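A.B. asks: Please find the sequence and the predicted model below.
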Amino acid sequence: SQVRADVLDAWFPPAPRVLSVLSRHLATICNTSPEVEPVSLRRAIASWRGLPEDSVLVGPGASSLIHSCLPKFVADCRHAAVLDPTYSEYPYLLEERLGMRLCRIPEQLPDTEDLSGADALVVVNPNNPTGRVIDAQAIVAGLSSRQRLWVDETYLEYTSAPSVEQVAAAQRNVVVCKSLSKTLALSGLRIGYLVGHPETLRTLAPEQHPWPISLPAQVATMAAIEDPTYYRNRYADTRSARKDLAESLRAIQTEINCVLLPRPDATEFARRLAQENIFVRDLGNGMLRIAVRPRPESWKMIQTIHRLDPSTMDP
């Protein structure tokens, strides 16, 4: 009975062929050890994305790759810059765990002058939690040879913005981090990958433990990437559902799978919704982030918000 609109997991199920292959071979998948290094999956992802195989490093979700590989990537850096706001794991890791001096750049102004003083740059594109698309290509173009750039493209597939994966594969000081958990509806299986220059990835690969990807995750991912049409259609459905949700709540559309609802009483309103078993993300700045959910859940959420605050209804 809960509506979990506080996390940005996919609202749609994995592609039918994913569920089919898992169910047909479940016993074997469960009692068979995965590859020590997921070579087959790396090869499949590289082919799918049009990348050299040695420019891909697969890991158990983007968060795992962030915590295992980002510290090594920025080991020689002392001054980092992130967008403000941004995904909270990055400021925590850079400032609290690594002890770096951190500069927070307003999201609306990430030009090269703002970023020139830092030797480590982390850009989430589109940004999380705001869903705003960032011009990552311009940031790459303004990058100096002494700087290192980590681009998190977890939610890029929901947008029409270009990826910088090809740049990362050719340039030693750029790494792209991707989550397939979110965009392929595989959050429970944990899957992600990095794209970087082969020499860069050779230095990062030892930071991962052996057998990083479970066999169910490998099988599911390989089945999912064989059905791009299914996922393209779901991303289009997401844009439509997002528009409907924003209009129904008089909220702000983003570029990803959520809307933003401005409220001066955001924290208290989130608490009242939680009492109704509806969970949204309080961003701490007078804004609630509400994820796109399946239609019955969205309808329940809309009705509840209208009941608690009739001003959210269209006049």
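C.D. replies: Now that the structure is in, tell me what you want to look at. None of the values given here were measured: they were computed from a predicted structure.
A.B. asks: now the stretch 1-150 of the chain, which segments are flagged as low pLDDT?
C.D. replies: The model of the stretch 1-150 of the chain has pLDDT under 70 over residues 109-116.
A.B. asks: Which stretches in it count as helices?
C.D. replies: Along the stretch 1-150 of the chain, the segments classed as helices by DSSP state H, counting those that start in this stretch run 16-24, 26-31, 39-49, 62-73, 89-91, 112-115, 136-141.
A.B. asks: by contact count, what packs against the fourth one?
C.D. replies: The one in question is helix 62-73. Applying 3 or more C-beta pairs under 8 Å, 6 or more residues apart in numbering; DSSP states H and E, we find helix 62-73 packed against strand 56-59, helix 89-91, strand 148-152, strand 174-179, strand 192-195, helix 198-204. Heads up, the C-betas are built off the backbone N, CA and C, glycines and all.
A.B. asks: Now tell me what touches the shortest one from outside.
C.D. replies: In other words, helix 89-91. 63, 66-67, 82, 102, 104, 122, 124, 152 (C-beta atoms under 8 Å, 6 or more residues apart in numbering).
A.B. asks: Start and end of stretch 177-196, how far apart?
C.D. replies: 9 Å (C-alpha to C-alpha, to the nearest Å).
A.B. asks: buried sites along that stretch?
C.D. replies: Under the neighbour-count criterion of 16 or more other C-beta atoms under 10 Å, stretch 177-196 has 177-187, 189-196 buried.
A.B. asks: follow-up on the earlier one: save the contacts of helix 89-91 as CSV, and put in neighbour count and distance to Y158 too.
C.D. replies: Converted to CSV, these look like this (neighbours: other C-beta atoms under 10 Å; distance: C-beta to C-beta, whole Å):
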residue, neighbour count, distance to Y158
S63, 17, 19
I66, 23, 20
H67, 15, 24
V82, 24, 21
L102, 19, 28
R104, 14, 25
V122, 27, 20
V124, 27, 13
D152, 28, 14
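A.B. asks: any idea which of the helices of the stretch 1-150 of the chain is most buried?
C.D. replies: Neighbour counts (mean count of other C-beta atoms under 10 Å) averaged over each of those peak at helix 62-73, with a mean of 20.
A.B. asks: Report the rounded mean pLDDT for whatever helix or strand A236 lives in.
C.D. replies: Taking DSSP states H and E as the definition, one finds A236 inside helix 228-249. Average pLDDT, helix 228-249: 97.
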